[in-house]
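Chemist: need a structure here:
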Amino acid sequence: MRMGKSLLSVFSLFYLLVATTPLKCIKCHLRTRTDRCRRGFGVCNAQHDESCMTLKIYQDKQLEIIYMECQKFCRSLTFDRNNRTYVHKCCSHNYCNINF
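Modeler: Predicted coordinates for the structure are as follows:
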């Protein structure tokens, strides 16, 4: 019986730590295809209902700009507008938006 209570306590503590650890995402507000991040580089801690997001903008199938951030109610989608393709991707594990 004593062992069960100890195990339950350890499991409860682990769950509490995991549940309260914020999702960490890479943040970059301006990155070009030939360059590193030019503006806003860092890490953001996702708040409630946020996930890691990457937006890539292509012109004539060439990558032009990348934008990375924590975003609320993120949805992955792709659309074309004015000869540009916008690829918006969302993910939910630490630093997952660096690899898109």
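Chemist: ok so Asn97 is a helix residue?
Modeler: Yes - checked against DSSP: H, G, I helix; E, B strand; the rest coil, Asn97 lies within a helix.
Chemist: Pretty sure it sits against Ile26.
Modeler: Yes - Asn97 lies in contact with Ile26 (CB atoms under 8 Å); the separation is 5.4 Å. For glycine as for every other residue, the C-beta is placed from the backbone atoms N, C-alpha and C.
Chemist: what do the two both touch?
Modeler: Common neighbours of Asn97 and Ile26, using CB atoms under 8 Å, 6 or more residues apart in numbering, are Cys52, Met68.
Chemist: Those two: which is more packed in?
Modeler: Comparing Asn97 with Ile26 by other CB atoms under 10 Å, the one with more neighbours is Asn97, at 27 against 22.
Chemist: Nearest residue to the more buried one in space, please, no chain neighbours.
Modeler: Using CB to CB, 6 or more residues apart in numbering and skipping residues adjacent in sequence, the residue nearest Asn97 is Cys52, 3.8 Å away.
Chemist: Return the distance of that neighbour relative to Arg75.
Modeler: Relative to Arg75, Cys52 is positioned 13 Å away (CB to CB, to the nearest Å).
Chemist: Give me the common contacts of the two.
Modeler: Counting by CB under 8 Å, 6+ apart, the residues touching both Cys52 and Arg75 are Cys90.
Chemist: Please say which of the two ends up with more neighbours.
Modeler: Under the criterion of other CB under 10 Å, the comparison of Cys52 against Arg75 puts Cys52 first, with 27 against 10.
Chemist: Can you name the residues that contact the more buried one?
Modeler: Cys52 neighbours (CB under 8 Å, 6+ apart): 23, 25-26, 46, 68, 70-71, 74, 90-93, 95-97.
Chemist: Okay, buried residues for the helix or strand hosting it please.
Modeler: According to DSSP states H and E, Cys52 maps onto strand 50-59. Neighbour-count burial for strand 50-59 flags Glu50, Ser51, Cys52, Met53, Thr54, Leu55, Lys56, Tyr58 (criterion: 16 or more other CB atoms under 10 Å).
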